[in-house]
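# just coords:
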């Protein structure tokens, strides 16, 4: 091309956002038959930053045209001549997602400092959500993903924010299987404790449950011991307990969004199918696995009917559901809070500890410690706008932004 330059020119315009800024710049440099080599734009609270890398034309002329556009629009214009294209991103690409309520500058500074100390580079940053939590995603290159995950887990604990590290690339795109624990994860209560309240032995059952969730007791043994205390209760108690169930804030939004994105959703529970089954059916959940209570002559016998769904059983269910959906384990996500969920979290492509016991947080890939279950969506790279778009496409009103306070976890 006549007059073409071996050099390239980076142009950055910044100022008040308005329609037509990108067009004005590109139309102006088109007069010099410039080639666009790279282009990125972002807007933060009505302030626009537009950067374009141009080649194939005289850089002096391009500089003049760019400054003319900036002057006409009342925007700051910066230009820099260099060689070649943008740097090719290095191997070791990952998505680092940080979320908090609030997400403090100090916490995010600690995240970025650790990434830099790791020797990785932050290539791009975007906000995924402002409510019910603030979520920022950083695209990183040059990382040893497993090691960075361990390093950032230390930062998360120290700064009291939630961080997830996932490899970038095709593994994050396409259909998923999301498998969730039920008690104290998908719902706010422990079902067996609700039933025990009708038998007058709630405190005894709760104490055993707590020890089992901390990993101090074998789950199957502890379940049999707890269920034995329920012997003699009328089976009609299960109907009453079902009416007492309270979903974790954000549970409906999480399932609704995943289903609209074409994902498969499953619940696996050491609780009871008599309670979990109707909840899953109401929400259109694809798979359910839970224990059954034995009933004879209209009363609970104090025994479990069939094989107990325990720690290995949950992991086996995840693998089975993935195979039925034709998905590799890398496309699976598991969410849970107790030691009974550890095998399932380890088997999944991404294991998320939700308001979990310390033992579980330490071993999970990521941890969520805010009271909103739909925060899991943001760890998957799904934005708040994606959630709202899915609701709009289905004609479902998106819940209004909540008044965020510890005493008001109301999202469903």
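Done, it's in. These numbers come from a predicted model, not from an experiment.

# in the chain, which segments are predicted with low confidence?
Per-residue confidence for the chain (pLDDT under 70) gives these ranges: 1-5, 86-90, 170-172, 393-412.

# So it: which segments form each domain?
7-83, 94-173, 178-393 (automatic domain parsing).

# Just send the ones you listed back as CSV, with mean neighbour count too.
Using the backbone N, CA and C atoms, a C-beta is placed for each residue, glycine as well. Putting the domains of the chain into CSV (neighbours: other C-beta atoms under 10 Å) gives the following:
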stretch, mean neighbour count
domain 7-83, 16
domain 94-173, 18
domain 178-393, 20
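
# where do the strands sit along the stretch 1-150 of the chain?
Assigned strands in the stretch 1-150 of the chain, in chain order: 7-16, 35-44, 47-55, 76-83, 94-100, 121-129, 134-141 (criterion: DSSP state E, counting those that start in this stretch).

# Just tell me which of those ends up closest to residue 367.
When the strands of the stretch 1-150 of the chain are compared by C-beta to C-beta, strand 94-100 sits nearest residue 367, at 10.3 Å.

# and that closest one, what does it pack onto?
Contact here means 3 or more C-beta pairs under 8 Å, 6 or more residues apart in numbering; DSSP states H and E; on that basis strand 94-100 packs against helix 105-118, strand 121-129, strand 134-141, helix 145-159, strand 162-167, helix 375-379.

# Let me have those in CSV, extended by distance to residue 39.
Shown next, in CSV, are these (distance: least, C-beta to C-beta, whole Å):
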stretch, distance to residue 39
helix 105-118, 25
strand 121-129, 13
strand 134-141, 16
helix 145-159, 28
strand 162-167, 26
helix 375-379, 26
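
# Out of those, the one nearest residue 198 is which?
Checking the helices and strands packed on strand 94-100 against residue 198 by C-beta to C-beta gives helix 375-379 as the closest, at 32.1 Å.

# chain center to the closest one: distance?
Here helix 375-379 shows a centroid-to-chain-centroid distance of 2 Å under the convention C-alpha atoms, centre = their mean, to the nearest Å.

# on contacts alone, who are the packing partners of whichever helix or strand comes after it?
As assigned by DSSP states H and E, the chain's next helix or strand after helix 375-379 is helix 384-393. If you count contacts as 3+ C-beta pairs under 8 Å, 6+ apart, helix 384-393 packs onto helix 251-260, helix 375-379.

# Residues touching helix 384-393, excluding its own?
Helix 384-393 has contacts (C-beta atoms under 8 Å, 6 or more residues apart in numbering) with 128-131, 135, 253, 256-257, 260-261, 374, 377-378, 397-398.

# mind redoing it with 10 Å?
Helix 384-393 is touched from outside by 127-133, 135, 253-254, 256-261, 374, 377-378, 380, 382-383, 396-399, 401, with contacts defined as C-beta atoms under 10 Å, 6 or more residues apart in numbering.

# so which of the strands of the stretch 1-150 of the chain comes closest to residue 66?
Ranking those by proximity to residue 66 (C-beta to C-beta) places strand 7-16 first, at 4.5 Å.
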